[in-house]
Each structure stands twice: as C-alpha cells, then as structure tokens.
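Engineer: no FASTA, just this:
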Ligand code: SAH
C-alpha cells in the first residue's frame with residue numbers, strides 16, 4: 001500500500017519560509033525549518049505554516065542548507081507515480097521544444113519539478129546526476145531508472161557523481177559509472193555538428209548542452225578569423241568553422257583539447273587548438289597586436305558564491321576588454337557568463353564599461369540565455385544562470 005498523505009511526517013516552517021513559498025519559490029532554508037530529529041533524511045514530508053496549515057508536500061534534507069524542496073502544493077499520496085508522471089512530462093516538453101539535436105537535458109531538477117535530479121541525453125546514452133538525499137533513496141532510484149529505460153530505451157545509463165554534493169547531503173561516497181547497460185561511448189549530433197561522448201573518461205562533464213542554441217546563433221554572424229577562448233571540447237569553434245576562414249580554440253585543459261581535436265576530425269574541420277591560460281594568452285596577443293573578426297568568451301563560473309562577485313567582475317571585465325580591443329571593425333563578440341550570481345544587468349554593465357575603456361562602439365545583436373531544454377522557472381531565479389551576449393563591434 002502506498003503511504004497516504006496523512007501518514008507523512010509534518011515539518012513546520014517559519015513565517016519567512018512561508019512567505020518564500022507564497023512568492024512561488026520551491027526552497028525553504030534550514031534556518032526557516034523546525035524539523036524534529038525523528039524525520040528520516042530524504043523523507044517525503046507535509047509542510048505546514050506556524051498555524052498548522054498545510055502548504056504542500058516536499059522532499060526533506062537533514063543536512064543541506066536547502067532543507068525543503070517543494071514537490072507539490074497538494075498532498076502526494078503516491079510519490080513513485082508522481083515521479084513517473086513528471087519524468088514523462090519532462091520528456092514530452094523536450095519533444096515539443098527541442099530541435100536539431102540528439103543531445104539535450106531531459107530533466108533539469110527544480111525546473112522540471114523533480115528537485116535533485118538531472119538527466120542528460122547523449123544520443124543513446126543517458127547521464128544521470130543525483131543531488132539530494134531523497135533522490136538517492138534506492139526505491140526512488142529504481143523508479144527513475146525504470147521510467148527512463150521504458151520511455152527512452154537508452155543503450156545505457158551512466159551515473160555521474162559529484163563527491164562534494166554527496167558530502168553536503170551526508171550521503172556515503174559512491175563511484176561514477178554504469179548503472180544500466182554496457183555502452184560507455186557514443187557520438188552525438190547537434191545543429192549538424194558531430195561530437196564524441198565518453199561517459200567514463202576525461203572530465204566526465206559531457207558537453208555544455210546549455211549552449212546548444214547559442215552555438216547556432218553565434219554561427220549565423222561569425223566570419224573571418226575566429227578565436228574561441230575557453231573552448232573546452234570545441235563547442236563554439238566547431239560551429240563557427242563552416243562560416244570562418246580560420247578558427248583557433250584556446251583552453252587550459254589538455255584532455256579537453258584532445259577531444260576537441262577528435263571532434264574536429266569527426267567533422268572534417270581544421271582547427272588550431274592552443275593549450276594556454278586564457279588571461280596570459282590574451283595579454284600576449286594584445287601586446288603582439290593580433291586581430292580577429294570573431295571572438296568567443298565562455299569562461300568557467302568565476303563567481304561560485306556571492307562573495308566572489310567583485311573579483312569575478314574584474315575577471316570578466318579584463319577578458320572582455322581584451323577581446324574588444326582585438327576585434328577588427330565590424331567584428332563579432334560572443335561573450336558568456338554561467339555564474340548565477342552575476343545578473344544579466346551587471347553582466348551588461350560590465351560589458352558597457354569594457355566598451356568605454358576599449359573605445360569601441362558595441363551594438364547588441366542578441367541577449368541570450370540557456371537552451372530551452374534547461375528551462376527557467378520564473379519564480380525560482382536560481383534556475384536562470386547562463387548569459388550569452390552577441391554583439392557587433394566597430
Ligand atoms: N565553451 C565551452 C565550455 C567552456 S567551459 C563549450 O561550449 O563547450 C570552461 C572551460 O574553461 C573549461 O574547458 C576549462 O578547462 C577552461 N578554463 C578554465 N580556466 C581557464 C584558464 N584560465 N584559461 C584557459 N581555459 C580555462
């Protein structure tokens with residue numbers, strides 16, 4: 001018999017937590033939660049306000065700063081059934097909205113109302129990440145795996161483990177690896193560009209699927225000589241190649257560049273890959289008066305926390321200033337930030353400052369975000385993190 005909603009443990013939250021939920025957010029922090037020790041880590045719970053009024057059903061974490069992740073404003077009588085329904089809704093959402101790719105995010109945690117679960121598809125391999133105690137429970141894992149297998153028929157499912165996440169959730173260590181099937185490597189195709197995917201080797205990051213639509217957008221304006229800074233496995237560089245006379249990709253990671261080179265071969269492209277620290281390389285190129293027609297900047301998240309914000313903004317400014325100076329008149333700048341803590345407004349402000357300092361006129365062609373398979377929940381600002389500005393520079 002499935003547990004009934006009435007049988008769920010209750011958790012009382014503070015007026016501040018209640019206000020957060022009333023504003024449409026789905027998280028309540030530990031400091032706003034009054035949870036008896038008797039509640040097992042990862043439990044399904046009924047959330048109540050100070051007066052005892054039920055606000056909905058949530059997943060509870062005993063150790064994370066985010067103690068409560070809402071699942072529903074209603075009672076949930078059958079969690080596995082709800083999970084199966086949400087998974088098929090997430091798949092249907094992509095079927096409607098995702099085009100020109102066999103690699104995309106199938107489940108994006110809160111944005112798909114399945115907090116704590118991320119699933120990416122790379123052609124016939126699924127890559128899964130579990131981020132919370134509730135999602136790590138064996139019964140929940142089994143429901144997730146069997147739903148994915150039934151609905152998508154992948155050759156295999158691989159779990160990618162972030163040890164830091166498991167530590168924060170007080171979960172026992174676990175190795176990354178196959179959880180279903182045997183296949184660990186494949187190729188996938190987005191926007192007609194082919195990529196290698198090896199689930200167990202390299203940085204285990206897979207690809208940056210969130211940039212998929214930005215690759216195509218950037219390629220539509222790219223021309224001449226192009227420099228892809230922070231190129232990783234060549235996502236932008238490979239998309240720019242058909243439109244550009246020459247493409248150079250720069251990254252500090254040799255393993256990433258080795259895969260980038262294999263990707264270039266897979267697409268019959270000649271791209272120059274340079275292993276370097278981007279800051280040093282841009283400084284040297286500026287001193288040498290190197291010029292480009294297209295520059296892409298897609299650095300890692302400089303601001304991992306709010307405290308890093310000032311130094312992060314200085315980092316973005318330095319990169320963008322150098323890129324702007326390096327562009328020939330009529331050039332194209334594609335500049336990104338994947339730090340949630342850097343708002344779109346402050347990113348544009350930084351870019352405006354860099355334009356003034358570089359004495360360049362910058363016309364904004366497109367202000368973009370993450371691809372549609374990484375949905376943004378309007379009331380949960382944390383789900384929107386990627387900024388991508390495409391600009392004409394004269
Ligand atoms: N543009 C890529 C994603 C970039 S992710 C794509 O679309 O696939 C950020 C990359 O920056 C990583 O590959 C990382 O190896 C690289 N990186 C981090 N610090 C760096 C530095 N100081 N100089 C050069 N590359 C760096």
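Structural biologist: Perfect, I can see it now. Source: prediction; values computed, not measured.
Engineer: elements contacting the host helix or strand of residue 178?
Structural biologist: Assigned by DSSP states H and E, residue 178 belongs to strand 177-180. Counting contacts by 3 or more Cβ pairs under 8 Å, 6 or more residues apart in numbering; DSSP states H and E, strand 177-180 is packed against helix 138-152, strand 156-159. To be clear about C-beta, it is placed using only N, CA and C from the backbone, and glycine gets the same treatment.
Engineer: list the contacts of the first one.
Structural biologist: Residues from elsewhere that reach helix 138-152, judged by Cβ atoms under 8 Å, 6 or more residues apart in numbering: 79-80, 83-84, 87-88, 91, 106, 117, 119, 121, 126, 128, 130, 134-135, 154, 157, 179-180.
Engineer: one more: the shortest one?
Structural biologist: Among residues not part of strand 156-159, those counted as contacts by Cβ under 8 Å, 6+ apart are 124-130, 145, 148-149, 174, 176-184, 199-200.
Engineer: now do the buried residues in the next helix or strand after that strand.
Structural biologist: Going down the chain from strand 156-159, the next helix or strand is helix 163-168, by DSSP H and E. Residues of helix 163-168 classed as buried by neighbour count (16 or more other Cβ atoms under 10 Å): 165-166, 168.
Engineer: for stretch 88-107, same thing?
Structural biologist: So for stretch 88-107, counting by 16+ other Cβ under 10 Å, buried means 90-91, 93-94, 98, 101, 103-107.
Engineer: now do stretch 14-24
Structural biologist: 14, 17-18, 20-21.
Engineer: then stretch 293-311?
Structural biologist: For stretch 293-311, using 16+ other Cβ under 10 Å, the buried residues are 293-299, 301-303, 308-309.
Engineer: how long is it from one end to the other?
Structural biologist: 28 Å (Cα to Cα, to the nearest Å).
Engineer: check stretch 367-375 too.
Structural biologist: Terminal-residue distance, stretch 367-375 (Cα to Cα): 16 Å.
Engineer: buried subset of the contacts of helix 138-152, written for ChimeraX?
Structural biologist: Isolation of the buried members of the contacts of helix 138-152 (16+ other Cβ under 10 Å) is achieved in ChimeraX through the command below:
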select :79,83,84,87,91,106,117,119,121,126,128,130,134,135,154,157,180
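Engineer: narrow the contacts of helix 138-152 to those in strands?
Structural biologist: Mapping the contacts of helix 138-152 onto strands (DSSP state E) picks out 106, 117, 119, 121, 126, 128, 130, 157, 179-180.
Engineer: mind putting those in CSV, distance to residue 380 and pLDDT included?
Structural biologist: Formatted as CSV, the ones in strands among the contacts of helix 138-152 follow (distance: Cβ to Cβ, whole Å; pLDDT from 0 to 100):
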residue, distance to residue 380, pLDDT
106, 19, 98
117, 15, 98
119, 19, 98
121, 23, 98
126, 24, 97
128, 21, 96
130, 19, 97
157, 27, 97
179, 28, 95
180, 30, 96
